[in-house]
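*Asks:* build me a structure from this.
(2 chains)
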Protein chains: 2
Amino acid sequence: MSSSVRPVLCCFMALVLTACGSPGDEAGTAVLAQAVRPVFQLKQAPAFDPASIPAYDGDHAQVYSHIDQHLDEHLAHLQRWLRQPSISAQDDGVLEMAELLRQDLEDMGFAEAELVPTDGHPGVWGYYDAGAEKTLMLYMMYDVQPVNPDDWQVPPFAGALVDHELGSVLMARGATNQKGPERALLNALQSIIDVHGTLPVNIMLAAEGEEELGSPHYSQIIDKYEERLKQADGVLFPFNSQDRDGGMTMSLGVKGIIYFELEARGNENGGPMKNEIHGSYKAMVDAPAWRLTQALASLTTADGNTIRVPGYYDDIRPPSDEEYSLINGMLGSWDEAEIKQQLGVERWVDGKTGADALMDYLYMPTLNIDGMWSGYTGEGVKTILPHVATAKVDSRLPPGIDPERALTSIRNYLDAQGFADVVMRKKSAYPAAQTSIEAPLVRAAIGVFNRHQASVRVQPRLAGSAPFYQFTERLKLPLVFTGLGLGTGAHGPNEFMLIKPAEGVKAAGLAEIEKGYVDLVYALSR
Amino acid sequence: MSSSVRPVLCCFMALVLTACGSPGDEAGTAVLAQAVRPVFQLKQAPAFDPASIPAYDGDHAQVYSHIDQHLDEHLAHLQRWLRQPSISAQDDGVLEMAELLRQDLEDMGFAEAELVPTDGHPGVWGYYDAGAEKTLMLYMMYDVQPVNPDDWQVPPFAGALVDHELGSVLMARGATNQKGPERALLNALQSIIDVHGTLPVNIMLAAEGEEELGSPHYSQIIDKYEERLKQADGVLFPFNSQDRDGGMTMSLGVKGIIYFELEARGNENGGPMKNEIHGSYKAMVDAPAWRLTQALASLTTADGNTIRVPGYYDDIRPPSDEEYSLINGMLGSWDEAEIKQQLGVERWVDGKTGADALMDYLYMPTLNIDGMWSGYTGEGVKTILPHVATAKVDSRLPPGIDPERALTSIRNYLDAQGFADVVMRKKSAYPAAQTSIEAPLVRAAIGVFNRHQASVRVQPRLAGSAPFYQFTERLKLPLVFTGLGLGTGAHGPNEFMLIKPAEGVKAAGLAEIEKGYVDLVYALSR
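*Replies:* Predicted coordinates for the structure are as follows:
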């Protein structure tokens, strides 16, 4: 969703008029009906302009200079972290990485630096008491995705510097997701401490080692410090957010998600119960693969785009005035053609364009088949009646839709349609998260980006999901997952973080990333 | 479907009355409607009794004695064939096996013995001119399925004799499917020739090396000898058909089949065209997995048991009087409970029982999902929108349904339902095959089995498929795929053929199998 084009506000209304099929429709209303998706249309509202927030103007020349002088040492910290594997899915190096983080916090002068046992991998808690008025909570993940070393141009845990067209990059698993930006932030804090003896804000750090597993036990970490955490002024998840032109998109929320498996098996009411049987017996025997197919198909319209579960769209919270202003502010720079090209998609659902497609991206719950399988999936011809058929399904939930209620409504609908025999296995369920543009932490971040000429575009949310509700809904704290810097390859081979940009590349290198974090903690302290 | 229980005719009407939900319905009629399966009910008709055919009474003591005296040599011929791999799918030993068969025919005195080039593996043609009035066509396959040697208790191409609870068995790939019974038949012919100098019938042998690939080029072999083959009196496919109690089921036909893949992909009208994309984009992007699911679901009722394609059931040829007599004759010994136990099924479609279930087995076309797959099918949670989704589907076709018309009607239906974007890839298509109980070859076979105390049950057809239409429809010849003997493990590990039965096992050993084939060719010659 990134674009280097700055919002051009004068284009906005023209775009809206082009995008809305029925310009006469009342703006801002949702059309609801059975098996009809609501349509959220744009509304005339002030367009939020990130440039309206003054660039941060604090003077931290001494700290900047300290960063420049210690940049080799700071880079070495990133490499030290990246050379320690911490693959949560394979329990490879996880405890070692937790202890490494804990020790770093202790060495930096954190008053509290401890492992937090959970039913899974341990969390890490740190508290830096600066005696300050404001407190910044840092969310961190210290685990990484598995690797297939054969796919990498360098060993994934060597912490290698590689010459790339973008400049000198640090290429390793975790370089951008998420150890690189996390350690860059700690480097920034270290330089402030080294220069001034303390920090301008108190820090509460609550890290987990299971983010790549879907954060199944993060709530146990929050449990232990909940009352203290609620006193914080905001949560920062350090993130390399820039593109090569220096532009960045700041998302103030994420959708929630439910993820479940549906499975049909032969049972006492029909179908093979032990194993696959010869396909010719279909003449007498029920087929789990048909049951799954019919159960799935009952969930959507024939085009697969509208959810038939009664009431599924009812609880969507319509766009707020604040969100309308954000959308109006981002629409001029929303480059559909570029996104289509990146995704390899030529046409959006229902042929929607412009604001209509963007509103779906931001506000529609989805129902998506992530995977499905049954029987023989190899080459050629094999004639069997499989005894089991399975699908993985997820639904992204915009604000307003409760995940447990969504799960229940799907289960009830399947039952009502006669598919009580189709088993539903819940894998994940959490709600959306939303932060206001009015939050001081958000405004501080935008002010910092304006200072660093990082053209920022603010969107109400990502269509993707993360369990940030732990912060925004439970702790009632504003959250930003952002920062200067550029990285790519998360979850894939050759993951990297840009350290020293090449000529013409406007994304920040390590020194400027750290200076950005310095500015951010000072901006929040005001 | 095998059972050792002989038909008990006096039980038949009671069973029918139990089986039919509405005893008042007119028997023998089909109820047709939109998305309703026809129901073929039993009709009072004379019950065919295999015992009504006199046991074959020819005297071939000299030939029998020759077989007994040369049994070691005959067994060695089976082993020689089994030690020559001929895996068609892997082109392993195929040409060598073709030449071995051809040479055997030449050595036996076949006037013609030649390889027949095709677009695939070659066929083998043989003609033995006995100057006889009658001519028997032999269908043979000389190829075998691939093996996984690790799963075998003996090397699969060693031709080992193994002590088994059933007796001494020859355990090797191809032992029962199909080299064992085929070479046993040639042994029988050899003994006749050795004793009498010639055969009582002429032999036309047309073998293929691609049966395990679905016989894609067998018609090319038929092409070359079509006019001569049409002069034959029947076709024999030698087969180990007995169970341990000596009983056997003789099927006078097979269903036809169409096999095709359905595939949905992102295209210019929507969906990801290059690769999977992040699942959150479902809010804006069409999903091939939903398209496939909806297209599949449109083909059947919600229970997956009735085909919605208009007219799909219209062309079923209803049971003939002859078939009613066969069904009435087999019903008393049709052991549903045993079949359910073998299949691991507790309930037939719609809770049908008895004759109703049997009629479905024999007369219903099926629509079956052999396999389907899309996206992520591993452990845990991965959120993607797959760019492709595929299903393998087959439909078994009873006599009357034309395979090409069936394919076209499904394609047209999908188009009419709005699924023109879902691609259909035909993999196989051929019609049913049917032989009459009145054919001299069939009556000869039953007479021989009656002589050998092999309790035979005759059913109109198997619900499975084989391209036997080449013989029954194209050449207009009766076909039997039968014989004394017991074997198991076709396509799996530890395939074997029983050579010398243990005490109490009533299935034939090699000597009696061969004597049965001796009897059969003489019985046909009368």
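*Asks:* give me the nearest residue to residue A:420, chain neighbours excluded.
*Replies:* The spatially closest residue to residue A:420, leaving aside those adjacent along the chain, is residue A:414, at 7.1 Å (C-beta to C-beta, 6 or more residues apart in numbering or on different chains). Every C-beta, even on glycine, is put in place using the N, C-alpha and C of the backbone.
*Asks:* measure the closest residue to chain B within the stretch 101-250 of chain A to residue A:175 for me?
*Replies:* Going by C-beta to the nearest C-beta, chain B is nearest to residue A:214 of the stretch 101-250 of chain A, at 5.8 Å. When distance is defined by C-beta to C-beta, to the nearest Å, residue A:214 is 22 Å away from residue A:175.
*Asks:* and what of residue A:246?
*Replies:* 20 Å.
*Asks:* more crowded one of those two?
*Replies:* residue A:175 (31 against 20; other C-beta atoms under 10 Å in any protein chain shown).
*Asks:* so what's the more buried one up against?
*Replies:* A:78, A:82, A:169, A:487, A:489, A:495, A:496, A:497 (C-beta atoms under 8 Å, 6 or more residues apart in numbering or on different chains).
*Asks:* okay, now the fifth one: neighbour count?
*Replies:* Using other C-beta under 10 Å, residue A:489 has 18 other residues around it.
*Asks:* same thing with the second one?
*Replies:* Using other C-beta under 10 Å as the criterion, residue A:82 is surrounded by 26 other residues.
*Asks:* got the contact list for it?
*Replies:* A:157, A:159, A:170, A:172, A:173, A:174, A:175, A:179, A:180.
*Asks:* same check on residue A:369?
*Replies:* With C-beta under 8 Å, 6+ apart, residue A:369 has these contacts: A:296, A:391, A:392, A:393, B:287, B:289, B:290, B:293, B:374, B:375, B:386, B:389.
*Asks:* inside helices: which ones of these?
*Replies:* A:296, B:289, B:290, B:293 (DSSP state H).
*Asks:* which among those residues gets closest to residue A:437?
*Replies:* residue B:290 (35.1 Å; C-beta to C-beta).
*Asks:* show the contacting residues for the closest one.
*Replies:* So residue B:290 contacts A:300, A:303, A:304, A:305, A:369 (C-beta under 8 Å, 6+ apart).
*Asks:* what is the burial count for the first one?
*Replies:* By other C-beta under 10 Å, the residues close to residue A:300 number 20.
*Asks:* who does it bridge with?
*Replies:* Going by DSSP bridges, residue A:300 is paired in beta bridges with residue A:307.
*Asks:* what of residue A:393?
*Replies:* Bridge pairing for residue A:393 - DSSP bridges - gives residue A:260, residue A:369.
*Asks:* hang on, the earlier thing: tell me the one of the contacts of residue B:290 nearest chain B?
*Replies:* Ranked by distance to chain B (C-beta to the nearest C-beta), the contacts of residue B:290 are led by residue A:304 at 2.4 Å.
*Asks:* so who does residue A:184 touch?
*Replies:* Contacts of residue A:184 by C-beta under 8 Å, 6+ apart are A:74, A:78, A:238, A:483, A:485, A:510, A:513, A:514, A:517.
*Asks:* from the residues you listed, list just the buried residues.
*Replies:* A:74, A:78, A:238, A:483, A:485, A:510, A:513, A:514, A:517 (16 or more other C-beta atoms under 10 Å in any protein chain shown).
*Asks:* of those, which belong to helices?
*Replies:* A:74, A:78, A:510, A:513, A:514, A:517.
*Asks:* quick check: residues of the stretch 151-300 of chain A near chain B?
*Replies:* A:213-214, A:255, A:257, A:259, A:266-275, A:277-287, A:289-291, A:293-294, A:296-298, A:300 (C-beta under 8 Å from any C-beta of the partner chain).
*Asks:* which one in the contacts of residue A:175 is the model shakiest on?
*Replies:* Across these, the smallest pLDDT goes to residue A:489, namely 91.
*Asks:* OK, contacts around the closest residue to that residue other than its chain neighbours?
*Replies:* Ranked by C-beta to C-beta, 6+ apart and with sequence neighbours excluded, the top spatial neighbour of residue A:489 is residue A:495, at 3.4 Å. Residues near residue A:495 by C-beta under 8 Å, 6+ apart: A:156, A:171, A:172, A:173, A:174, A:175, A:176, A:177, A:487, A:488, A:489.
*Asks:* can you give me the neighbour number for the first one?
*Replies:* Going back to what we said before, that points to residue A:156. Residue A:156 - counted by other C-beta under 10 Å - has 26 other residues nearby.
*Asks:* before we move on, back to that, and the furthest pair within the contacts of residue A:184?
*Replies:* The farthest-apart pair in the contacts of residue A:184, when distances are taken by C-beta to C-beta, is A:74 and A:483, at 14.9 Å.
*Asks:* what about the nearest residue to residue A:350 once chain neighbours are set aside, distance to residue B:271?
*Replies:* In space, and not counting its chain neighbours, residue A:350 is closest to residue A:305: 7.0 Å by C-beta to C-beta, 6+ apart. From residue A:305 across to residue B:271, the span is 11 Å (C-beta to C-beta).
*Asks:* one more: residue A:374?
*Replies:* Taken as C-beta to C-beta, the span from residue A:374 to residue B:271 is 22 Å.
*Asks:* pLDDT value on residue A:32, please?
*Replies:* 36.
*Asks:* again, but for the one 3 residues further on
*Replies:* Residue A:35 is assigned a pLDDT of 79 by the prediction.
*Asks:* what about it, how many neighbours?
*Replies:* Quick note: residue A:35 (other C-beta under 10 Å) scores 13 neighbours.
*Asks:* thought residue A:410 was touching residue A:422?
*Replies:* No: using C-beta atoms under 8 Å, residue A:410 is not in contact with residue A:422, being 10.7 Å away.
*Asks:* what element comes up after the helix or strand hosting residue A:81 heading to the C-terminus?
*Replies:* For residue A:81, the element it lies in under DSSP states H and E is helix A:71-82. On the C-terminal side of helix A:71-82, the closest following helix or strand by DSSP H and E is helix A:94-108.
*Asks:* residues in contact with that next one?
*Replies:* A:77, A:80-81, A:84-88, A:113-115, A:121-124, A:126, A:128, A:140, A:142-143, A:186, A:189-190, A:193, A:205, A:207, A:209.
*Asks:* could you turn the buried ones of those residues into a PyMOL selection?
*Replies:* With 16+ other C-beta under 10 Å as the criterion, this PyMOL line picks the buried residues out of those:
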select buried, chain A and resi 77+81+84+85+86+87+88+113+114+115+121+122+123+124+126+128+140+142+143+186+189+190+193+205+207+209
